[in-house]
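Trainee: Curious how this folds, go ahead:
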Amino acid sequence: MIQSVQYSMTLLRDEAAHLVQRGIVSRNQPIYVLCQHIPAREWAGVECVLEDHEFLLRDRIGDLLGREDWDND
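Mentor: Residues are numbered from 1 along each chain as shown. Down below sits the predicted model:
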């Protein structure tokens with residue numbers, strides 16, 4: 001049986017932050033590039049979560065992540 005992931009805003013932010021950290025996506029790219037890294041069967045749920053939190057697919061990943069604090073600054 002295929003397990004479906006229930007996406008939340010926290011999970012989306014964590015996933016996006018992980019992809020940015022690894023250099024797979026950049027903070028300046030639109031949110032819709034995340035669809036390349038989330039299973040297609042999950043994307044409709046992801047879009048609903050984004051919409052509920054007033055994000056558009058054309059918004060930047062950096063907007064989704066918000067401000068980041070750096071320990072070494």
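
Trainee: Which positions in the helix-or-strand element of the chain with minimal mean pLDDT come out as buried?
Mentor: The weakest-scoring helix or strand in the chain, judged by mean pLDDT, DSSP states H and E, is helix 40-52 (a mean of 92). Residues V46, E47, V49, L50 are the ones in helix 40-52 that count as buried (16 or more other Cβ atoms under 10 Å). From N, CA and C alone the C-beta is placed, and that goes for glycine too.

Trainee: how much space between the first one and L19?
Mentor: In this case it means V46. Distance, V46 to L19, by Cβ to Cβ, to the nearest Å: 13 Å.

Trainee: Now do D59 against Q6, distance only.
Mentor: In terms of Cβ to Cβ, D59 sits 22 Å off from Q6.

Trainee: ok, now L65?
Mentor: L65 is 21 Å from Q6, by Cβ to Cβ.

Trainee: Okay, helices next: where are they in this structure?
Mentor: Assigned by DSSP state H, the helices in the chain fall at 9-21, 40-52, 61-65.

Trainee: now for the first one, which elements pack on it?
Mentor: In this case it means helix 9-21. Packing contacts for helix 9-21, counted by 3 or more Cβ pairs under 8 Å, 6 or more residues apart in numbering; DSSP states H and E, involve helix 40-52, helix 61-65.

Trainee: Which strands or helices does the first one pack on?
Mentor: If you count contacts as 3+ Cβ pairs under 8 Å, 6+ apart, helix 40-52 packs onto helix 9-21.

Trainee: Tell me if I'm right that L57 and V33 touch.
Mentor: No: taking contacts as Cβ atoms under 8 Å, L57 lies outside contact range of V33: 9.3 Å.

Trainee: number of nearby residues for the closest residue to V49 other than its chain neighbours?
Mentor: Nearest non-adjacent residue to V49, counting by Cβ to Cβ, 6 or more residues apart in numbering: Y7, 5.3 Å away. A count of nearby residues for Y7, using other Cβ atoms under 10 Å, gives 18.

Trainee: try the one 4 residues further on
Mentor: Around L11 sit 13 other residues, with neighbours defined as other Cβ under 10 Å.

Trainee: Okay then, goodbye and thanks.
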